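In: what would the 3D arrangement of this be:
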Amino acid sequence: MMRRPDPTVWGEAAGPFTADEVAAYDAKGFHIEDGLLTPAQIQSCWTEFSRLAVDPHVDASGAVVRERGSDAVRSIFAVHRHSPVIDALARTPRILDRARQILGSEVYIHQSRINAMPGMVGTGFGWHSDFETWHAEDGLPTPRTVSLSIALTDNFAFNGGLMLMPGAHRVFVPCVGETPAGNFRESLQEQKVGVPSYDTVTDLGLEFGIEQFTGPAGHALFFDSNSMHASSNNITPYSRANVFLVFNSVKNAPDAPFGAATPRPAHIADRDTTPLTPVDDTEFV
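Out: I've put the predicted structure just below:
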């Protein structure tokens, strides 16, 4: 493990976050924003998820990932490409301006998805840092990236709510091992390559502790790309679904992968670095 040489907050740009919120994000690597979406906006996103989950063209594109041994949808990728509603969501000033404020530049979407944690059968995501994969397999030079997870359903402590280690984003954990060809097909169901060892997770957990993102639908979590995070299986009858939007700085454009032979496909790691332009809030309903 090594201390991260890069900042968490890039510059001192003005924006919707208060100075105290920026300082807390810098220290912990994440920030929870209560009530980011209204009930009507949540319903619009849920309707899109339901539509995309049964769209044969989206399925044929490879964007739909299902649970092992089940037809239950685990994730749908590139949702900003398949849904004008999600695209507008990413461009609303209360979201886009927060990403610009943290990253200190114009931004584009590196990845978008809806993660579903279906009741009784939803499997979790083991401890990992997204940046390790985005660096090794997508070619992002630095962790100048912020992720946003918006709850479309209530996120409880018992239905797979995201766990994070506050402060661990300042430690980079290089993961040993060669990246197999086509690793993304396996890792999207169960990631085994590019994840820290049990001993490393234990050391980090003892040093930094664990907090959890919970709350009603509409609450949102902004978190750094090097945050150590995970979620457990959902064995409850309460399904969980969250929209994920990953904003990358246009000054951190992807290069050749640093630890893989070829980059992952565009529906998983978008290489179009055109800056996002804002839309009026009324365009997202």
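In: in contact with Ile114, which residues?
Out: If you count contacts by C-beta atoms under 8 Å, 6 or more residues apart in numbering, Ile114 has them with Cys45, Phe49, Leu52, Ser75, Ile76, Val79, Leu152, Ala241, Asn242, Val243, Phe244. Every residue, glycine included, has its C-beta placed from N, CA and C.
In: which SSE is it in?
Out: strand 107-117 (DSSP states H and E).
In: Gly205 too?
Out: Per DSSP H and E, Gly205 falls inside helix 198-208.
In: direction included, what does the next helix or strand after that helix pair against?
Out: Moving toward the C-terminus from helix 198-208, the next helix or strand (DSSP H and E) is strand 211-212. Strand 211-212 sits in its sheet next to strand 163-164 (antiparallel), going by DSSP bridges.
In: and for the strand it pairs with, what's in contact with it?
Out: By C-beta under 8 Å, 6+ apart, the residues outside strand 163-164 that reach it are 28-30, 210-213, 223, 227-232.
In: try 10 Å this time
Out: With contacts defined as C-beta atoms under 10 Å, 6 or more residues apart in numbering, strand 163-164 is touched by 28-30, 124-125, 127, 157, 205, 208-214, 221, 223-224, 227-232.
In: tell me the strands beside the strand holding Ile114, with direction?
Out: If you go by DSSP bridges, strand 107-117 pairs up with strand 73-77 (antiparallel), strand 240-249 (antiparallel).
In: distance from the chain centre to the following helix or strand past it, please.
Out: Next in sequence after strand 107-117, counting helices and strands by DSSP H and E, comes strand 125-129. When distances are taken as C-alpha atoms, centre = their mean, to the nearest Å, strand 125-129 is centred 12 Å away from the chain's centroid.
In: dump the next helix or strand after strand 125-129 to CSV, restricted to CA.
Out: Per DSSP H and E, the first helix or strand lying C-terminal to strand 125-129 is helix 130-133. Presented in CSV, the C-alpha positions along helix 130-133 are these (Å, rounded to 0.1, in the frame of the first residue of the first chain):
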residue,chain,number,x,y,z
ASP,A,130,-12.8,1.5,-8.5
PHE,A,131,-9.7,3.5,-9.5
GLU,A,132,-7.6,0.3,-9.4
THR,A,133,-9.7,-1.1,-12.2
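In: related to what we said a few turns ago, would you mark the buried spots in the helix holding Gly205?
Out: Within helix 198-208, the residues scored as buried using 16 or more other C-beta atoms under 10 Å are Thr200, Val201, Asp203, Leu204, Phe208.
In: could I get those residues as TSV with pLDDT and distance to Pro174?
Out: Formatted as TSV, the buried residues of helix 198-208 follow (pLDDT from 0 to 100; distance: C-beta to C-beta, whole Å):
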residue	pLDDT	distance to Pro174
Thr200	95	10
Val201	95	14
Asp203	97	14
Leu204	97	14
Phe208	98	18
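In: report the two of those separated the most.
Out: Thr200 and Phe208 (12.0 Å; C-beta to C-beta).
In: now for those two: what residues contact both?
Out: Counting by C-beta under 10 Å, 6+ apart, the shared contacts of Thr200 and Phe208 are Val171, Met228.
In: just the pLDDT for the nearest residue to Leu103 once chain neighbours are set aside.
Out: Excluding the flanking residues, the one nearest Leu103 by C-beta to C-beta, 6 or more residues apart in numbering is Ser249, at 4.4 Å. Among the per-residue scores, Ser249 holds a pLDDT of 98.
In: for the one 4 residues further on, same thing?
Out: The predicted structure scores Ala253 at 97 on the pLDDT scale.
In: can you pull the buried residues of stretch 81-94?
Out: Of the residues in stretch 81-94, Arg81, His82, Ser83, Val85, Ile86, Asp87, Ala88, Leu89, Ala90, Arg91, Thr92 count as buried by neighbour count, 16+ other C-beta under 10 Å.
In: I figured the third one hits Ala53, correct?
Out: Think Ser83. No: if you go by C-beta atoms under 10 Å, Ser83 and Ala53 don't touch, sitting 11.5 Å apart.
In: which residues are common contacts for the two?
Out: Contact criterion C-beta under 10 Å, 6+ apart; residues shared by Ser83 and Ala53: Ile76, Ile114.
In: what ranges do the strands span in this protein?
Out: Remark: strands assigned in the chain by DSSP state E are 2-3, 30-33, 64-66, 73-77, 107-117, 125-129, 145-151, 163-164, 171-172, 211-212, 220-224, 228-231, 240-249.
In: go through the second one and flag the buried ones.
Out: The neighbour-count criterion (16+ other C-beta under 10 Å) identifies Phe30, His31, Ile32, Glu33 as the buried residues of strand 30-33.
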